[in-house]
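K.L.:
Let's see this in three dimensions:
(chains A, B and C)
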Amino acid sequence: MMDIEKKTPFKAKGTLFETFIPDNLSHRDDQMMMLTNILTNLLHTGQSSNIFCYGKTGTGKTVTTRYTADRIRFEGMKQNKNTTVVYTPAVEGTELDLYAHIGNETAGKNIIPSRGLSTQETYNRTKDILDSRNTRAIVIMEEIDKFYEKNGDDFLYQLSRINPQLKYSSLCLIGIANNLKFTEHFDPRVISSLNKEDIIFPPYNALQLQDILKQRAKIAFKTHAIEDGVINLCAALSAREHGDARRAIELLRAAGEIAEREGEEVVKIEHMKKAQNKIELDNVEEVIKTLPVQSKLILASIVFSSERGKNTLITGEVYDIYKDMAKKTGIDIITQRRATDLISELDMLGIINAHLISYGRGGRTREITTAVPVQNTKEILLQDETFHVLRDYKPMRGRNARLL
DNA sequence: CCTCCACAGGAAGCGCAGGAGT
DNA sequence: ACTCCTGCGCTTCCTGTGGAGG
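P.N.:
The predicted structure is shown next:
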């Protein structure tokens, strides 16, 4: 028999995943109190104001709201007042998708189709479902600012006016946003009917992160399974980059996994350093792999000509190389207009940096550089069969190539 | 001060996919 | 089988523009 007692620093690894909601949240007492105060009205009067939470990623907006909403739901159960929590992860979709999601989550099954019905009809059905369930629905909506940017403020108007139309139920919207100022351009009629309260989540500093990590480490790892300084390093690395607690915990977990794989029972500084590199690469790989072909090809044209000192490209150059590569790989060529959009998307994903610059008479364009390790990116792209012919691609000088 | 480059990026619309209703 | 709905990727056509060179 093999040794079943395999060496590991972990005691309860599951507590280091994003889905885990801890029993107590440190450094978010104020926000939790405000949330509780507002949401308690749901149980008292059956309705409450809508709430907008602002803060950067990993500042505890999601955990805090979900935690609090859950407690309210539990409290409601005790008082025999039916409460539903609808969690809406960052929706890629539209107003229609949002209504369908709320309706289906409330119902607990897929009743409303995501296509085929008009937006208004979808809204009506969701409204009917809500009313038929006799419930107080807390709708937590992730990245509401992004949704607003894409779809406008109509959904807010609709949702804010839903309560008077409900006889037996009510809806309370909790919007979670990164951008503090996205409400600035709301239509006045939205502002007047929305009735919202704002809660701000400031980023954690290194000390607070340390605190959070220590608490979490206590339940996740065996005693003495973490070398001195590892937590502090983890907190420092995370605070410096983003102050993001979610990623800090992810980093700690990765360090533990690396230690585990190396057959160690103690997480050491070197594991933490390796973990940081790994996480960075993993994230990039995941994003690149799931890119649509055309985006991949655009990325390829940037990456495959970013070596040998020539590391800034302009849109025209990228497009020329792209066309060349498209011919070689047999992929349909898209227009430059479309290509600029894809370049913007890659920029937003953080895979490349593209910023506007003017060369005066030389025109106005974007300077593009890679934001990820070139060699690794090439390898990831080459995993795709379609790109095999590019393996030994020699960057050509585009028609628009500038002289340095 | 004006020009003019090499684009940025908005607007409209097209064809298709996926699904509902009839 | 047929009509109607929306989203998506894309094209076509277009107007707008920072700033070096004239």
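
K.L.:
Would you mind measuring from the residue of chain A found nearest DNA strand C to residue A:316?
P.N.:
Residue of chain A nearest DNA strand C, by Cβ to the nearest atom of the strand: residue A:360 (1.9 Å). Backbone N, C-alpha and C define where each C-beta goes, glycine included. From residue A:360 across to residue A:316, the span is 16 Å (Cβ to Cβ, to the nearest Å).

K.L.:
what's the offset of stretch A:168-176 from the middle of its chain?
P.N.:
22 Å (Cα atoms, centre = their mean, to the nearest Å).

K.L.:
now stretch A:23-42
P.N.:
That offset, for stretch A:23-42, works out to 23 Å (Cα atoms, centre = their mean).

K.L.:
what about that stretch, average pLDDT?
P.N.:
The average pLDDT for stretch A:23-42 rounds to 91.

K.L.:
With just CA atoms, put that stretch into PDB.
P.N.:
The C-alpha trace of stretch A:23-42 is given here as PDB (Å, rounded to 0.1, in the frame of the first residue of the first chain):
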ATOM      1  CA  ASP A  23     -18.000  33.400   8.900                       C
ATOM      2  CA  ASN A  24     -16.800  36.900   9.600                       C
ATOM      3  CA  LEU A  25     -15.500  39.600   7.300                       C
ATOM      4  CA  SER A  26     -12.800  41.800   8.600                       C
ATOM      5  CA  HIS A  27     -12.500  45.400   7.800                       C
ATOM      6  CA  ARG A  28     -15.900  45.700   6.300                       C
ATOM      7  CA  ASP A  29     -17.900  46.300   9.400                       C
ATOM      8  CA  ASP A  30     -19.200  49.700   8.300                       C
ATOM      9  CA  GLN A  31     -20.300  48.500   5.000                       C
ATOM     10  CA  MET A  32     -22.000  45.500   6.500                       C
ATOM     11  CA  MET A  33     -23.900  47.600   9.000                       C
ATOM     12  CA  MET A  34     -25.200  49.900   6.300                       C
ATOM     13  CA  LEU A  35     -26.300  47.000   4.200                       C
ATOM     14  CA  THR A  36     -28.000  45.300   7.100                       C
ATOM     15  CA  ASN A  37     -29.800  48.500   8.100                       C
ATOM     16  CA  ILE A  38     -31.200  49.100   4.700                       C
ATOM     17  CA  LEU A  39     -32.100  45.500   3.900                       C
ATOM     18  CA  THR A  40     -33.800  44.900   7.200                       C
ATOM     19  CA  ASN A  41     -36.500  47.200   5.900                       C
ATOM     20  CA  LEU A  42     -37.400  44.300   3.600                       C
END
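
K.L.:
And it, what's buried?
P.N.:
Within stretch A:23-42, the residues scored as buried using 16 or more other Cβ atoms under 10 Å are A:25, A:27, A:28, A:31, A:32, A:34, A:35, A:38, A:39, A:42.

K.L.:
for DNA strand B, what are the nearby residues on the stretch 201-350 of chain A?
P.N.:
When proximity is defined as Cβ under 7 Å from any atom of the strand, the stretch 201-350 of chain A approaches DNA strand B at A:314, A:315, A:316, A:317, A:336, A:337, A:340, A:343, A:344.

K.L.:
re earlier: and residue A:360 and residue A:316? which has more neighbours close in?
P.N.:
Comparing residue A:360 with residue A:316 by neighbour count (other Cβ atoms under 10 Å), the higher total belongs to residue A:316, at 17 against 6.

K.L.:
Good, we can wrap up now.
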